[in-house]
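S.K.: What follows is a protein structure lacking sequence information:
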């Protein structure tokens with residue numbers, strides 16, 4: 001505990017710093033909207049999104065009445081959290097910090113049980129607590145940390161309970177996995193990982209009763225979500241179907257798979273993205289250290305022959321392969337699931353190398369210190385930019401001062417944290433082409449609208465011509481910073 005408590009305190013401090021300085025983004029407001037509406041209006045709609053603002057193939061029909069484009073548990077938990085803490089961006093982000101603590105506990109206990117070596121568990125926990133991906137995911141208002149925490153807790157619960165009461169272990173672990181799945185579909189990876197772990201350790205103990213017990217949480221979850229879906233099944237098919245479309249791997253294009261899963265998921269996220277400049281490239285050293293640890297476990301026969309290590313390799317391999325199959329775009333918010341397992345395997349390799357002196361101990365200490373330094377420097381650089389106050393609040397402050405009561409503002413949903421979830425704030429990157437709504441102010445954020453609108457030139461030429469024609473004829477720029485450009489209708 002003398003080591004664990006300082007690790008947890010360091011994590012909480014880093015996550016709080018990030019929560020108060022990270023630039024808000026649309027996802028945080030999208031997922032908070034149904035939670036806010038539930039506690040203030042009694043409905044579960046995502047009011048900040050325009051029904052015509054489709055993401056992939058379908059319009060978001062019925063989005064103001066029912067939120068079907070995502071699974072429901074995260075905004076439901078947010079609603080309960082808001083009841084207790086009040087509503088706001090920091091409340092949203094603090095909830096993720098809580099889930100980060102749950103994830104740290106889950107992986108600590110899991111590794112301690114699997115390896116029987118507390119040093120591995122503590123080292124992994126320490127590396128996770130300062131990892132820039134882990135800290136960032138714990139400080140933004142998305143469900144990824146909740147999903148990872150519940151997925152890890154499901155695996156850990158099985159390991160804790162399996163010897164004392166196998167039936168209870170199956171029920172509790174599967175219930176946690178179902179909760180993870182109702183937080184985000186990427187939890188399918190944890191479900192398959194738990195299945196692999198159960199078969200590897202206890203396949204001879206499985207009886208028909210255990211199959212029924214394992215299925216019960218899935219049936220209960222399906223019934224609960226199903227009742228909500230049946231309120232508007234047509235809307236569900238359009239919303240969820242559109243959001244789920246085009247997410248699987250392009251099996252007919254191996255080069256595209258390699259590019260997305262190696263270049264985009266790892267190299268670009270660890271400092272090698274085309275727009276990365278200067279010192280940020282140094283993050284590649286973190287990936288190199290993790291890769292060395294993973295390969296060390298895979299290639300070192302002495303490490304690999306241990307049953308505990310084979311269990312870890314099996315579960316992590318199955319979990320991540322399923323997640324890769326679900327995410328063709330290698331989206332950065334899902335990196336957390338990969339980092340957790342990479343750190344776990346790196347800790348196993350590091351402790352083994354230390355004990356056997358396979359790698360000089362001085363070299364191991366040097367690499368560990370270097371990784372810690374780069375991690376803290378990466379987090380520190382992001383904190384020092386103070387994007388929340390210098391960019392976001394400056395933009396919303398201008399809009400508060402200049403937009404009149406019913407002036408329609410079109411811009412990315414995160415503006416709602418300061419402007420409120422009002423009818424005159426519309427998240428629609430097509431800027432009214434489909435809806436017919438006429439904005440008085442347009443906010444082009446450089447993370448989303450500035451990327452999406454140019455893509456319409458090939459995908460939706462009419463939309464592209466409308467957007468540029470309207471903005472050129474009817475609007476003039478009134479504010480610009482490193483995150484936003486604000487345009488006002490001529491005459492305002």
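M.R.: Now that the structure is in, tell me what you want to look at. These figures come from a predicted structure and were not determined experimentally.
S.K.: what does the domain assignment say about the chain?
M.R.: 4-385, 387-489 (automatic domain parsing).
S.K.: Wasn't residue 83 part of a helix?
M.R.: Yes - assessed by DSSP: H, G, I helix; E, B strand; the rest coil, residue 83 belongs to a helix.
S.K.: Which element, helix or strand, includes the spatially closest residue to it that is not a sequence neighbour?
M.R.: Using C-beta to C-beta, 6 or more residues apart in numbering and skipping the chain neighbours, the partner closest in space to residue 83 is residue 39 (6.0 Å). Placement of C-beta: from N, CA and C, glycine included. Using DSSP states H and E, residue 39 maps to helix 26-40.
S.K.: what's in contact with that helix?
M.R.: Helix 26-40 has contacts (C-beta atoms under 8 Å, 6 or more residues apart in numbering) with 43-49, 67, 70, 74-76, 78-79, 81-83, 87, 89, 92-93, 140-143, 333, 412-417, 421, 427, 445, 448.
S.K.: quick one: the residue nearest to residue 83 from residue 413, how far?
M.R.: Distance, residue 39 to residue 413, using C-beta to C-beta, to the nearest Å: 18 Å.
S.K.: out of the two, which sits in the busier spot?
M.R.: residue 413 (27 against 14; other C-beta atoms under 10 Å).
S.K.: Contact partners for that one?
M.R.: Neighbouring residues of residue 413 by C-beta under 8 Å, 6+ apart: 26, 29, 30, 33, 48, 49, 427.
S.K.: Skip the chain neighbours and tell me the closest residue to residue 129.
M.R.: residue 11 is the one closest to residue 129 (C-beta to C-beta, 6+ apart), at 3.7 Å.
S.K.: where does that neighbour fall, helix, sheet strand or coil?
M.R.: What three-state DSSP gives for residue 11 is helix.
S.K.: How many residues are close by it?
M.R.: So residue 11, with other C-beta under 10 Å, has 23 neighbours.
S.K.: Same question for residue 83.
M.R.: 12.
S.K.: Same question for the one 3 residues further on.
M.R.: When neighbours are counted by other C-beta under 10 Å, residue 86 registers 9.
S.K.: Restricted to helices, list the contacts of helix 26-40.
M.R.: Those of the contacts of helix 26-40 mapping onto helices are 74-76, 78-79, 81-83, 89, 92-93, 416-417, per DSSP state H.
S.K.: got the buried residues for the helix or strand of the chain with the lowest mean pLDDT?
M.R.: Among the helices and strands of the chain, helix 254-258 carries the lowest confidence by mean pLDDT, DSSP states H and E, at a mean of 82. For helix 254-258, the neighbour count (16 or more other C-beta atoms under 10 Å) marks residue 257 as buried.
S.K.: which parts of the helix or strand that comes right after it are buried?
M.R.: Later in the chain than helix 254-258, the nearest helix or strand by DSSP H and E is helix 284-299. Within helix 284-299, the residues scored as buried using 16+ other C-beta under 10 Å are 284, 285, 286, 287, 289, 290, 293, 294, 296, 297.
S.K.: Mind jotting down where the strands sit in this structure?
M.R.: For the chain, the strands defined by DSSP state E occupy 409-410, 425-426, 441-445, 475-480, 484-489.
S.K.: would JSON lines of the ones you listed with mean pLDDT be doable?
M.R.: Shown next, in JSON lines, are the strands of the chain (pLDDT from 0 to 100):
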{"stretch": "strand 409-410", "mean pLDDT": "96"}
{"stretch": "strand 425-426", "mean pLDDT": "92"}
{"stretch": "strand 441-445", "mean pLDDT": "97"}
{"stretch": "strand 475-480", "mean pLDDT": "96"}
{"stretch": "strand 484-489", "mean pLDDT": "97"}
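S.K.: Tabulate these (JSON lines), appending distance to residue 177 and mean neighbour count.
M.R.: Formatted as JSON lines, these follow (distance: least, C-beta to C-beta, whole Å; neighbours: other C-beta atoms under 10 Å):
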{"stretch": "strand 409-410", "distance to residue 177": "40", "mean neighbour count": "24"}
{"stretch": "strand 425-426", "distance to residue 177": "37", "mean neighbour count": "22"}
{"stretch": "strand 441-445", "distance to residue 177": "35", "mean neighbour count": "24"}
{"stretch": "strand 475-480", "distance to residue 177": "46", "mean neighbour count": "14"}
{"stretch": "strand 484-489", "distance to residue 177": "40", "mean neighbour count": "21"}
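S.K.: low pLDDT regions in the chain?
M.R.: Flagging of the chain using pLDDT under 70 yields the residue ranges 1, 56-57.
S.K.: List just the nearest of the ones in helices among the contacts of helix 26-40 to residue 475.
M.R.: Closest approach to residue 475 among the ones in helices among the contacts of helix 26-40 (C-beta to C-beta): residue 416, at 21.5 Å.
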